[in-house]
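**Q** I would like to see how this sequence folds:
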Amino acid sequence: MAWPIYVGISVRKTVLRYGTSRTCIQCNSYRPVENKFRRKYMNFENTMTTKPKVLVTRGDHDPAAIARLGEFCDLEVCPEPRAMTRAELLKGVVGKHALLVLPHDKIDEELVNAAGDQLKVIGTHSVGHEHINQELLKSRGIKAGYTPGVLTNDVADHNICLTLSVLRRVKELIGTIVEDTWKNMKSGPFTLVGTSLTGKTIGIMGLGRIGFATAKRFKAFDTEIIYSSRTEKEEGKTIGAKFVNFDKLLTDSDIIIITSSFNDDTKGIFNKEAFEKMKTTAFIVNTSRGGLINQPDLIEALKTGKIAGAALDVMTPEPLPADHELVKLPNVFLTPHIGSATRETRLKMINLAVDNILNGLQDKPMPTRLC
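**A** Below is the predicted model of the structure:
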């Protein structure tokens, strides 16, 4: 396994590059080189006259995964544990053959032009790809890979977490401890009571991989599952899920879980008209993309009692300002886009992104090619 070595220091920043040193600069300890990755890509260095140059736009990826990329590529890595600014990004892409990016890195014509004609591969450490102009990349002959599949279970788990949190009013109840108001609460039988999950009708918007995994989990709570999707899914039948149109999903669901993709057809699909069709006792949960919900309409529905509550892992904008109205509403439970945020899944994602780049640079099939 390769380990990082510093190759240069300037007044403003330290440039971190990766080579084939056996010594870890962080602890100055010897680490044996693992040859399994070198065997996998043993012909890599013979396919190009010089090592391809790769820009890694964040400095806080898993070191072992980045070191593996550094076995075969000349890397420039953001020297700090943060995302590159747009100005740093446009400067850093110049002359690079591949880019390892995340959703905050907008891959548009300005960036592609700045990189130059040698740019060959883009690997995004994400399932979402709204930040990538696919048509542009296709027209320039640039390949892109993404990281689907590996985060399915964790996002499905988080759908359960969000649902239980908003149903049981976790935000408000934790507040009584943090703000030291528990002692002042009236111990009435209905003070800050929540809503039971058992026996409810769960409406899944989009029964793809994540939607199906989510539906299976909800079955354990003795719930009825309905779903809306472009077509009826055979796998839905295996768990007794009923295929319905979007309007019926709105009218019949006690809890709507959004797991559908974000596109022109689904943008803002949960709007004022949709909320007016939902039960006043219904909740909405979103771990897909913030743009699926018209946020001003959602806020109005929550404030006027059109729906009972919302639990959101995604919103617009991100990060959400601390003084945003959604933050202030008691019937809203928010998490900062952490659906895939487990160590196990993030390691799978970064290694899949690395594999996409390495294969793409060799003109081999990418494990999960986007375009």
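
**Q** ranges for the helices of the protein?
**A** Using DSSP state H, the helices of the chain run over 35-40, 63-70, 86-92, 109-115, 134-140, 152-167, 170-178, 209-219, 234-238, 246-252, 272-277, 295-304, 325-328, 343-361.

**Q** how far is the second one from where the chain is centred?
**A** Pointing back at helix 63-70 there. 21 Å (CA atoms, centre = their mean, to the nearest Å).

**Q** what about it, average pLDDT?
**A** Over the span of helix 63-70, the pLDDT mean works out to 96.

**Q** Can you report how many residues lie near the residue nearest to residue 359 when sequence neighbours are not counted?
**A** If the residues on either side of it in the chain are set aside, residue 359 comes closest to residue 366, at 4.9 Å by CB to CB, 6 or more residues apart in numbering. Quick note: C-beta positions are derived from backbone N, CA and C, even for glycine. By other CB atoms under 10 Å, 22 other residues sit near residue 366.

**Q** Make 4 the first number, not 1, from now on.
**A** Let's use 4 as the start, then, which means that last one is residue 369.

**Q** and residue 369, what is it in contact with?
**A** Residue 369 sits next to 146, 148, 358, 359, 362, 363 when contact means CB atoms under 8 Å, 6 or more residues apart in numbering.

**Q** make it 6 Å
**A** By CB atoms under 6 Å, 6 or more residues apart in numbering, the contact set of residue 369 is 148, 359, 362, 363.

**Q** As a markdown table, these with neighbour count would be great.
**A** Listed next are those as a markdown table, based on neighbours: other CB atoms under 10 Å:
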| residue | neighbour count |
| --- | --- |
| 148 | 25 |
| 359 | 27 |
| 362 | 21 |
| 363 | 24 |
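
**Q** Tell me which two of those sit farthest apart.
**A** 148 and 362 (8.0 Å; CB to CB).

**Q** For burial, what's the neighbour tally of the closest residue to residue 283 other than its chain neighbours?
**A** Excluding its sequence neighbours, the residue lying closest to residue 283 (CB to CB, 6+ apart) is residue 308, at 5.9 Å. For residue 308, the neighbour count with other CB under 10 Å is 10.

**Q** ditto for residue 165
**A** Residues near residue 165, counting by other CB under 10 Å: 25.

**Q** so what's the closest residue to it other than its chain neighbours bridging to?
**A** In space, and not counting its chain neighbours, residue 165 is closest to residue 314: 3.7 Å by CB to CB, 6+ apart. With DSSP bridges as the criterion, residue 314 is bridged to residue 288, residue 336.

**Q** does residue 314 really touch residue 336, like I thought?
**A** Yes. The pair residue 314 / residue 336 is scored as a contact, 4.3 Å apart, by CB atoms under 6 Å.
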